[in-house]
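> Below are the sequence and a predicted model for it; my questions follow.
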Amino acid sequence: MSGLRWTTAGESHGAALVGILEGLPAGLELSIERIDGELRRRQGGYGRGGRMAIESDTVRVLSGMRAGLTLGSPLALMIENRDVKIEELGIPTSPRPGHADLAGCQKYGKADPRAILERASARETAMRVALGAAARQVLEAFGVRIFGYVVELGGLAAAVTEVDAKRQFDLRERSDFACLDPESELAWKAAVDAAKADGDTLGGIFEVCVTGLPPGLGTFQDPRGRMTSRLGAAVLAIPAIKGVEFGVGFESARLRGGEVHDAIELGGGEEGSFGRFGRASNRSGGLEGGMTTGAPLVLRAAMKPISTLRKGLETVEFGGGPVKSTYQRSDVTAVPAASVVGENVVALELASAFLESFSGASLEMVRASFETWRDRAVSL
Ligand code: EPS
C-alpha cells in the first residue's frame, strides 16, 4: 500500500501556487494540456467575479517528467499568479462572517485577517485541480471516467434527464453553469442577476459521477481507509462545502431497508456488473462496506453561498464596535467552479486508492498487477 501523497502551498495574492504529487508510476503519458483544460474549466461559469478576468491559470512542470512521460519521481507543479499584491494589500480592520477570518485571528491571537484569508481563499483549489487532473490520467488509462455537473443553484433544481455520456458532455460544454438542463439555465441566470443586483450571493449542489471503477477500491480493514470517509473528507475540504451524500444519501434514512439496498443479480455485462454479478439498482451510489462496488460512484455536495457579500454582513471591528463587513470583489456564485474542483479532488482520492490496490513502479507494472487481480476476481 503506497498510493499518492500530495501537498499544496501558496497565498491567493502571493507569487504562485505550488503543488507536489508523489507516487505516480513512471511511464505515464501526462498531458499538460489536459491539466490546463481543467484549470480553464475551474475559472469559468456564470457568476464568477473580477479575479477570473485577471488570471489565466496554466501549469508549469518543475519536476517529475521527461519527454512527456512521468519519471516516478515527485511531480512538482506551479501556477503563477498575475494578481500579485500580498505586500501592498492592507489589513482589514474587521473579520468577515462566514470566512476563516475570525476563528483564524483567534487561533493565532493576532488581529490580522490578511494573514488568514490569503491562504484560506478558494484560490488554493486551482492547485488541487491541477494535481487531481494529473492523477486522473492514471484512472483514465484504465477506462475510468469522472464527470461533474451542477444540479441545483440558489434553491432551483435542474430537471433530471437520462442521456448518454456523449450527450451529457456536449450539454455541459455548452452550459454556463456546468448544467445538463438548458431550461434551468435561464432561471439560474435570472437568480444570479437578481442576487448580484441585491449585493448578495448564491450556493448550490453539484454531483460527481464516476464510471468504469473496479470493485474493491478502499478498505473496510481500517475505518480511515473507507472510500466513503476518504471521498467525503476530500470533498468537504473544498471551501464552502457543507455536506456530502452518496447515492440516495440522506433520503435513505427515510426509507425502509427493502427500498434502499441494491439486490444482487446475475450480471449480463451491463454497466456496473462484474463477472457473474450485477445489480438491480445503484442506490448505494457505488459504495458498500467502504469500498467501490464497480457500479457508478455518485456523490453530491452542497455549497453554501460565497461569504463575501457586496451589501456586507454585520460584524464587529477589532478594538471597536459593530460595523458592516468590507467588500473588495467576489463571486456571486462559484458552484460551477466547485463542480470542477469536486471532480478533481475525487480523482486524486480514487487514483490514490487505485494505486494502493494495484501498485507498481511503472504504469506497465500497475497494469500487470491490475490484470492479475481482475482475472482472479472476475472468475468468482
Ligand atoms: C478565487 C479567487 C478569489 C475569489 C474566490 C475564488 O480571488 P480574489 O479574492 O482575488 O477576488 O474570486 O475566492 C473565494 C470565493 C474565497 O472565498 O476566497 C479562485 O481562484 O477560485
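On my side now, so go ahead.

> Provide a list of residues in contact with the residue of the stretch 151-300 of the chain found nearest the ligand.
Using C-beta to the nearest ligand atom, the closest approach of the stretch 151-300 of the chain to the ligand is made by P239 at 5.8 Å. From N, CA and C alone the C-beta is placed, and that goes for glycine too. Residues in contact with P239 (C-beta atoms under 8 Å, 6 or more residues apart in numbering) are A120, S121, A122, E124, T125.

> if I look at the closest residue in space to the first one that isn't next to it in sequence, how far off is the ligand?
Same thing as A120. Of all residues not flanking A120 in the chain, A100 sits nearest, at 3.7 Å (C-beta to C-beta, 6 or more residues apart in numbering). Using C-beta to the nearest ligand atom, to the nearest Å, A100 is found at 9 Å from the ligand.

> Assess the claim that A100 and S121 are in contact.
No: using C-beta atoms under 8 Å, A100 is not in contact with S121, being 9.0 Å away.

> Might you enumerate the residues of the protein proximal to the ligand?
Contact residues (C-beta under 6 Å from any ligand atom) of the chain with the ligand: 12, 49, 51, 83, 121-123, 125-126, 239, 306, 329, 331, 334.

> Identify, from these, the entry nearest to G64.
When the residues of the chain next to the ligand are ranked by distance to G64 (C-beta to C-beta), A126 comes first, at 18.5 Å.

> Other residues contacting the helix or strand containing E371?
Assigned by DSSP states H and E, E371 belongs to helix 363-377. If you take C-beta under 8 Å, 6+ apart as the criterion, helix 363-377 is touched by 25-28, 70, 138, 141-142, 214-216, 274-275, 355, 357-360.

> try it again with 6 Å
Outside helix 363-377, the residues that touch it by C-beta atoms under 6 Å, 6 or more residues apart in numbering are P25, G27, L28, F358, G360.

> name the element the residue nearest the centre of the chain belongs to?
Against the mean C-alpha coordinate of the chain, by C-alpha atoms, centre = their mean, the closest residue is G342 at 1.6 Å. Following DSSP H and E, one finds G342 within helix 335-357.

> And for A187?
For A187, the enclosing helix or strand under DSSP H and E is helix 182-197.

> tell me the angle that helix makes with helix 335-357.
Here helix 182-197 points in a direction 120 degrees away from that of helix 335-357 (axes from the mean of the first three to the mean of the last three C-alpha atoms, to 10 degrees).

> Which elements pack onto the helix or strand just after helix 182-197?
Later in the chain than helix 182-197, the nearest helix or strand by DSSP H and E is strand 204-211. Strand 204-211 sits against strand 145-153, strand 297-303, helix 335-357, with contacts defined as 3 or more C-beta pairs under 6 Å, 6 or more residues apart in numbering; DSSP states H and E.

> and of those, who's closest to G232?
Nearest of these to G232, taken as C-beta to C-beta: strand 297-303 at 8.2 Å.

> mind listing what's buried in stretch 353-364?
A353, F354, L355, E356, S357, F358, S359, G360, L363 (16 or more other C-beta atoms under 10 Å).

> E317: what's it in contact with?
E317 touches T93, S94, V323, counting by C-beta under 6 Å, 6+ apart.

> Now, of those, which are buried?
S94.

> from what I can see A280 touches L266, true?
No: the criterion here is C-beta atoms under 6 Å, and A280 misses it with L266 at 10.5 Å.

> wouldn't E118 be in contact with A9 here?
No: applying C-beta under 6 Å as the test, E118 and A9 come out as separate, 11.7 Å apart.

> Comparing these two, which residue is more hemmed in?
E118 (17 against 14; other C-beta atoms under 10 Å).

> If I look at the residue nearest to the more buried one when sequence neighbours are not counted, what pLDDT would I see?
Nearest residue to E118 in three dimensions, chain neighbours excluded: E11, at 3.8 Å (C-beta to C-beta, 6+ apart). Looking at E11, its pLDDT is 98.
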